[in-house]
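Asks: I would like the atomic coordinates for the input below:
(chains A, B, C and D)
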2 protein chains.
Amino acid sequence: MRDIAAELGIEAASLYSHIKSKDEILETICFRMADELLRAIDEVNDVYFNAEEKLATAIRNHVKIVTGDLNSSTVFLREWRRLPAEKLAEFVKLRNKYEDGFTQILINGENENVFEAPDKKFAVLTILSAVNWITEWYSPKGNMTPDEIAEHLFRFITTGLRVKITE
Amino acid sequence: MRDIAAELGIEAASLYSHIKSKDEILETICFRMADELLRAIDEVNDVYFNAEEKLATAIRNHVKIVTGDLNSSTVFLREWRRLPAEKLAEFVKLRNKYEDGFTQILINGENENVFEAPDKKFAVLTILSAVNWITEWYSPKGNMTPDEIAEHLFRFITTGLRVKITE
DNA sequence: CGGAATTACTAACGTTTGTTAGGTAAATAT
DNA sequence: ATATTTACCTAACAAACGTTAGTAATTCCG
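Replies: Now for the predicted structure:
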């Protein structure tokens, strides 16, 4: 709290004119971002039909949200376990719903015979590892825009590293 | 320190008969695991020739190390930033060397015309995201062994999600 | 311009944290 | 059996932490 206050140029005790508690800050960050991600994936599953387009859009949305506020994303990804017990349980439900959203896309892809993911949970977790790991290395000053990152990730996730024979 | 001591059934003050400081514990965990990973990747680059085999072995080694001690791996992945400044700088160098090891594999793969990764840094970071994310979900009680996880990851990383036309 | 509302301050509190010091008990070595 | 070493204890310390209470300063509004 003293570090946050120092960033703002005020005393730690002054923060309590604006917030209720440190936990409230964490809850706001985590739930606001979770809600944003959930809204994005729900829209993807509602609006799009083509599984490839769904996946591409879901990845782009995720990358845009994560890179849109790196500080919040970093807190969201690293600190969610420190939510108070009741909020933590609620949060985990949201995470699971989000994963389910990606699973739905993979199921659609299999039905359309464009994706092949026998172990969908594994595939979804690996996709999420890629999009979430962006907080470890992304910089707005870097040479890739969020859309380029999303495009790279989509290609990596769908076609992998192997040289494409048909090209 | 009180939590660690409680796990051991002793008082926090008693820990100091066995260790120097809390920082020492963190340093030991981080550098021991970094050294282990570096030894593994160096051996892969020395011993193997075939890039696919290199990558498969590098992934298998990483997964084996990470799943071999989940507690240490979790601390290693999440807490390395809390190393004291000098140790942190040293640690970052080791991380970079490890990434370089993977980059070397991708370069070999391109020379052999089996891999295609124009942006190698991006590809390496995405590979590392997958192997490191294991700490988020792996359980020894789960239905996948570390070798199976490594195999799945290798397949995902090399061929992606798309249905293989040649099959 | 004065009063109300808002924001920020200082001081303080209770709790938590990492660690030290001195003492005691247990284990080990001679 | 005695001496030494090791491990653990209690007690304590200083610093850090999240937050409250009362007061002061600033801003806003009629």
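
Asks: Contact residues of chain A facing DNA strand D?
Replies: Chain A comes close to DNA strand D at residues A:1-2, A:12-13, A:15-16, A:21-23, as judged by Cβ under 7 Å from any atom of the strand. To be clear about C-beta, it is placed using only N, CA and C from the backbone, and glycine gets the same treatment.

Asks: Could you export the residues you listed to CSV, including columns for secondary structure, pLDDT and neighbour count?
Replies: CSV is the format used below for these (DSSP: H, G, I helix; E, B strand; the rest coil; pLDDT from 0 to 100; neighbours: other Cβ atoms under 10 Å in any protein chain shown):
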residue, secondary structure, pLDDT, neighbour count
A:Met1, coil, 96, 14
A:Arg2, helix, 96, 10
A:Ala12, helix, 96, 13
A:Ala13, helix, 96, 10
A:Leu15, helix, 96, 18
A:Tyr16, helix, 95, 12
A:Ser21, coil, 95, 12
A:Lys22, helix, 96, 13
A:Asp23, helix, 96, 13
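
Asks: from those residues, which is closest to chain B?
Replies: Nearest to chain B out of the residues of chain A next to DNA strand D is A:Arg2 (Cβ to the nearest Cβ; 17.4 Å).

Asks: who's in contact with the closest residue to that closest one other than its chain neighbours?
Replies: Take A:Arg2 and drop its neighbours on the chain: the residue closest to it by Cβ to Cβ, 6 or more residues apart in numbering or on different chains is A:Ala12, 4.5 Å away. Neighbouring residues of A:Ala12 by Cβ atoms under 8 Å, 6 or more residues apart in numbering or on different chains: A:1-2, A:4-5.

Asks: Which pair of the residues you listed spans the longest distance?
Replies: A:Arg2 and A:Ile4 (7.4 Å; Cβ to Cβ).

Asks: low-confidence ranges in chain A?
Replies: For chain A, residues meeting the criterion pLDDT under 70 lie at A:165-167.

Asks: what residues does chain A put near DNA strand C?
Replies: Where chain A comes near DNA strand C, counting by Cβ under 7 Å from any atom of the strand, the residues are A:5, A:9-11, A:13-14, A:17-18.

Asks: same thing but at 6 Å, please
Replies: Residues of chain A found near DNA strand C (Cβ under 6 Å from any atom of the strand) are A:10-11, A:13-14, A:17-18.

Asks: How many residues are close by the residue nearest to A:Glu99 when sequence neighbours are not counted?
Replies: With Cβ to Cβ, 6+ apart as the criterion, A:Glu99 has its nearest non-adjacent residue at 5.3 Å, and that residue is A:Val124. Using other Cβ atoms under 10 Å in any protein chain shown, A:Val124 has 20 other residues around it.

Asks: Who are the contact partners of A:Val124?
Replies: A:99, A:102-103, A:106.

Asks: out of those, who's nearest chain B?
Replies: Using Cβ to the nearest Cβ, A:Leu106 is the member of the contacts of A:Val124 that sits closest to chain B, with 7.4 Å.

Asks: List the residues that contact that closest one.
Replies: Contacts of A:Leu106 by Cβ under 8 Å, 6+ apart are A:51, A:55, A:115, A:117, A:120, A:123-124, B:161.

Asks: before we move on, what about A:Leu70?
Replies: A:Leu70 neighbours (Cβ under 8 Å, 6+ apart): A:135, A:138, A:140.

Asks: how close does the second one sit to A:Ala5?
Replies: Spelled out, it's A:Tyr138. According to Cβ to Cβ, to the nearest Å, A:Tyr138 stands 27 Å off from A:Ala5.
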